[in-house]
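Asker: sequence unavailable; structure follows:
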């Protein structure tokens, strides 16, 4: 099984991921785009969006991800949001999208060393786009999550014995500028 080492921009916070991702996507959803705006507004924050305006992710089983380093925090779009963006506060790098009760972790492909990121297999949630420019037809552009997308997630969960491990539980909230 291959091992990939990923890090924040300064190298203080790291993920080790084992094996291939469940799926690679370019997410076009409103939540990912709104979170990207907030993350980019953090001191030293970066915008990890693709040219399409979406966020490219590699989805990994949580039992194949190990986090190391200190200075982790979370950003939720609302207090009741079931998803959180995991941020390395040392350099305000967006490290992962975590569906807290889910069995997978979505890691931005911007965390891979230059030229080594896995390419997206499909775009998802294209119905949420507000940009009138057409998307390229290089990969599928479905309006929502496809049945094949869901089958791959459930199959990965079954291989995990339907467990949902916790990655970096109980993180503090990231400190955002007042103007965001």
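Answerer: Perfect, I can see it now. Computed from a predicted model, the values in this text were never measured in an experiment.

Asker: from here on, contacts and neighbour counts on C-alpha atoms
Answerer: Fine.

Asker: end-to-end on stretch 64-80?
Answerer: Stretch 64-80 has its terminal residues 27 Å apart, counting by C-alpha to C-alpha, to the nearest Å.

Asker: repeat for stretch 165-172
Answerer: End-to-end distance for stretch 165-172, by C-alpha to C-alpha: 19 Å.

Asker: list the buried residues in that stretch.
Answerer: Buried residues in stretch 165-172, counted by 16 or more other C-alpha atoms under 10 Å: 165, 166, 167.

Asker: same deal with stretch 37-52?
Answerer: Within stretch 37-52, the residues that count as buried by 16+ other C-alpha under 10 Å are 37, 38, 39, 40, 41, 42, 45, 46, 47, 48, 49, 52.

Asker: stretch 135-146 too?
Answerer: For stretch 135-146, a neighbour-count test (16+ other C-alpha under 10 Å) marks 135, 141, 144 as buried.

Asker: longest helix of the chain?
Answerer: Determined from DSSP state H, the single longest helix within the chain is helix 147-159.

Asker: so which residues of the protein form helices?
Answerer: Using DSSP H, the helices of the chain run over 30-40, 147-159.

Asker: which of those sits most buried?
Answerer: Of the helices of the chain, the one with the most neighbours on average (mean count of other C-alpha atoms under 10 Å) is helix 30-40, at a mean of 18.

Asker: can you list contacts of that one?
Answerer: Contacts to helix 30-40, defined as C-alpha atoms under 8 Å, 6 or more residues apart in numbering, come from residues 45-49, 53-55, 77, 85, 92-94, 128-129, 176, 180.

Asker: make it 6 Å
Answerer: With contact meaning C-alpha atoms under 6 Å, 6 or more residues apart in numbering, helix 30-40 is reached by 45, 46, 47, 128.

Asker: how about stretch 48-55?
Answerer: Under the criterion C-alpha under 6 Å, 6+ apart, residues 26, 27, 28 lie in contact with stretch 48-55.

Asker: what residue ranges in the chain score low on pLDDT?
Answerer: Along the chain, the model assigns pLDDT under 70 to residues 179-180.

Asker: so which residues of it form strands?
Answerer: For the chain, applying DSSP state E gives strands covering 3-7, 14-18, 23-27, 55-61, 65-68, 72-75, 83-88, 93-99, 104-108, 122-124.

Asker: on that earlier part again, which two among the buried residues of stretch 37-52 are spaced furthest apart?
Answerer: Based on C-alpha to C-alpha, the longest span within the buried residues of stretch 37-52 runs between 42 and 52 and measures 22.1 Å.

Asker: could the buried residues of stretch 37-52 go into JSON lines alongside distance to residue 68?
Answerer: Below are the buried residues of stretch 37-52 laid out as JSON lines (distance: C-alpha to C-alpha, whole Å):
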{"residue": "37", "distance to residue 68": "26"}
{"residue": "38", "distance to residue 68": "24"}
{"residue": "39", "distance to residue 68": "21"}
{"residue": "40", "distance to residue 68": "23"}
{"residue": "41", "distance to residue 68": "25"}
{"residue": "42", "distance to residue 68": "22"}
{"residue": "45", "distance to residue 68": "20"}
{"residue": "46", "distance to residue 68": "21"}
{"residue": "47", "distance to residue 68": "23"}
{"residue": "48", "distance to residue 68": "22"}
{"residue": "49", "distance to residue 68": "25"}
{"residue": "52", "distance to residue 68": "31"}
